[in-house]
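Trainee: compute the structure for the input listed below.
(one chain, ligands or ions: 2)
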Amino acid sequence: MRTVEEHQAVVAALLEQLPEEQVELTAAHGRVLARDVRAAVALPGFDNSAMDGYAARWDELAELPARLPVADDIPAGRTDVRPLEPGTVQRIMTGAPLPAGADVVVPVELTDRATDVVTIHETPDKGTHVRTAGEDIAEGSVALAAGTPLGASQLGLAAAVGVTTLPVRRRPRVLVLSTGSELVEPGQPLRPGQIYESNSMLLVAAVEDAGGEARRLHFVPDDVEAFLTTLRAELDSADLLLTSGGVSAGAYEVVKDALSGLGTVEFVKVGMQPGGPQGAGTVDGVPIVTLPGNPVSSFVSFEVFVRPALRRALGHANPDRLRAPARLTASLTSPAGKRQFLRGRYDGGLVSQVGGPGSHLVAHLARANCLVVVPEDVTELPEGAEVDVVLIEGALQ
Ligand SMILES: Nc1nc2c(c(=O)[nH]1)N[C@H]1C(S)=C(S)[C@@H](COP(=O)(O)OP(=O)(O)OC[C@H]3O[C@@H](n4cnc5c(N)ncnc54)[C@H](O)[C@@H]3O)O[C@H]1N2
Ligand code: MOO
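Mentor: Numbering: from 1, shown residues only. Ligands and ions are numbered 1, 2, ... in the order given. All right, here's what the predicted structure looks like:
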């Protein structure tokens, strides 16, 4: 039996780092930066005001109230600001360049707001409300490091330093193929013994969530010829093929039967639950990961093996999910010798198990926001025990 880490290494080794491409900033959301991006300009680019008020020389405000002539008016965007003459102030707006010689901005609220000669009633400390050039980032320094996922704040920063395109890694093209003679397309009538096919939906969404580009192939019955025909027709358009179902110990294990002896796919048992039966390898040089058909097993296997491998291939600095320590709200039991990935809801340092360990419990899975990891050698945990949880909800990443 393979350990979780051993099978993770096998799957990760199947995927090479994806090639780089340059994309417009508007298309870079959700991608991963391939190379460091340096700031072409400092931020702030020049000393400027943090408040609407009056730029002044702090030494001249020792005696209050102070009355000083307003020598100029500086709205944001002015490019010809003159130095501050001694004995004067300049009216200034938020974001406008600070005149040379000014070392404080007095907010309008501390003045009579006059535009000819202003009366200042109170003065802040020297340097207050002045944003200094380069205090956020220096010109030429690394603004975004390779491996950074590009979300709202990272794209905002890229635009702020004047970037228009970014180097990212091409999204991996992942094919998803479900197998099973019991499967029916959602929307069609069900006969006794049939179920709606759901793993392909789950896996396509999981691939996209991991940064890949997924394509759902129409599921095939437990028929080796049908499976191989689909595989051969589609394989060369993929960086990875994910299959679901047909890998355990029964009489109609289509994926196992079709791939055994073809390419390098190896079928193994991994010491975990759900997700025990696994397979991974290549056919015609294309990586294939065969996930177990139970929906929760498919999901957990994707989380544990495929997601980190895809994210590593995308160049993520942190390919793994965030983890957190949490205290159990109720006791639990776990089989010896297998790492359990129970479904849970985590909030504020506490975690509650959602449903039992059964890998058919899709409604419970849909309510979970974490996986509760119970190590191989732990069989019982009391209420209040500390466990490790893997946060699986997008918003928490
Ligand atoms: N005698 C043994 N039986 C089983 C073993 C074992 O070691 N010995 N392992 C069990 C475990 S653990 C798992 S997990 C499953 C894995 O089985 P398969 O990968 O072969 O999957 P199937 O048999 O095709 O399906 C299992 C289950 O999931 C449902 N399913 C399958 N595909 C889909 C889909 N696309 N959408 C929705 N639901 C799907 C299917 O109807 C079955 O109920 O094997 C155990 N058995
Ligand atoms: O390991 Mo199976 O994946 O429990 O249901």
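
Trainee: ok, the residue in the chain that ligand 1 sits nearest to - contacts?
Mentor: Closest residue of the chain to ligand 1, Cβ to the nearest ligand atom: G293 (2.5 Å). Every C-beta, even on glycine, is put in place using the N, C-alpha and C of the backbone. Shown in contact with G293 (Cβ atoms under 8 Å, 6 or more residues apart in numbering): 178-180, 199, 244-248.

Trainee: now swap in R312 and tell me
Mentor: Contacts of R312 (Cβ under 8 Å, 6+ apart): 12, 15, 17, 319.

Trainee: nearest to P189, of these?
Mentor: L15 (39.6 Å; Cβ to Cβ).

Trainee: pretty sure G276 is touching F267, no?
Mentor: No - G276 is beyond contact range of F267, at 11.3 Å (criterion: Cβ atoms under 8 Å).

Trainee: pull the contacting residues for the residue lying closest to A238 once chain neighbours are set aside.
Mentor: Of all residues not flanking A238 in the chain, L175 sits nearest, at 4.5 Å (Cβ to Cβ, 6 or more residues apart in numbering). L175 makes contacts with 214-215, 217, 234-235, 237-238, 240-242, as judged by Cβ under 8 Å, 6+ apart.

Trainee: out of those residues, which are buried?
Mentor: If you count burial by 16 or more other Cβ atoms under 10 Å, the buried members of the contacts of L175 come out as 214-215, 217, 235, 238, 240-242.

Trainee: so which of these are also by ligand 1?
Mentor: Applying Cβ under 6 Å from any ligand atom to these, one finds that nothing falls near ligand 1.

Trainee: after the helix or strand that contains A9, which helix or strand is next?
Mentor: Assigned by DSSP states H and E, A9 belongs to helix 4-14. Later in the chain than helix 4-14, the nearest helix or strand by DSSP H and E is strand 20-24.

Trainee: sheet partners, orientation included, of the next helix or strand after that following strand?
Mentor: The first helix or strand that comes after strand 20-24 along the chain, using DSSP H and E, is strand 37-38. Sheet pairing of strand 37-38 (DSSP bridges) gives strand 142-144 (antiparallel).

Trainee: give me the neighbour count for the residue of the stretch 51-200 of the chain at minimum distance from ligand 2.
Mentor: The nearest approach of the stretch 51-200 of the chain to ligand 2 comes at N199, 12.1 Å away (Cβ to the nearest ligand atom). N199 is flanked by 30 other residues according to other Cβ atoms under 10 Å.

Trainee: which residue, other than its chain neighbours, is closest to it?
Mentor: Per Cβ to Cβ, 6+ apart, closest to N199 is S244, 4.1 Å.

Trainee: ditto for G384
Mentor: Closest to G384 by Cβ to Cβ, 6+ apart is R327, at 5.4 Å.

Trainee: and that neighbour, what helix or strand is that in?
Mentor: strand 323-328.

Trainee: other SSEs contacting that strand?
Mentor: Under the contact criterion of 3 or more Cβ pairs under 8 Å, 6 or more residues apart in numbering; DSSP states H and E, strand 323-328 touches strand 339-347, strand 350-353, strand 370-374, strand 386-391.

Trainee: who does it pair up with?
Mentor: For strand 323-328, pairing defined by DSSP bridges yields strand 350-353 (parallel), strand 386-391 (antiparallel).

Trainee: using TSV, lay out the ones you listed together with distance to A210 and mean pLDDT.
Mentor: Shown next, in TSV, are the strands paired with strand 323-328 (distance: least, Cβ to Cβ, whole Å; pLDDT from 0 to 100):
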stretch	distance to A210	mean pLDDT
strand 350-353	23	98
strand 386-391	14	98
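
Trainee: can I get those strands in a markdown table including distance to K256 and mean neighbour count?
Mentor: Conversion of the strands paired with strand 323-328 to a markdown table gives the following (distance: least, Cβ to Cβ, whole Å; neighbours: other Cβ atoms under 10 Å):
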| stretch | distance to K256 | mean neighbour count |
| --- | --- | --- |
| strand 350-353 | 32 | 19 |
| strand 386-391 | 28 | 18 |
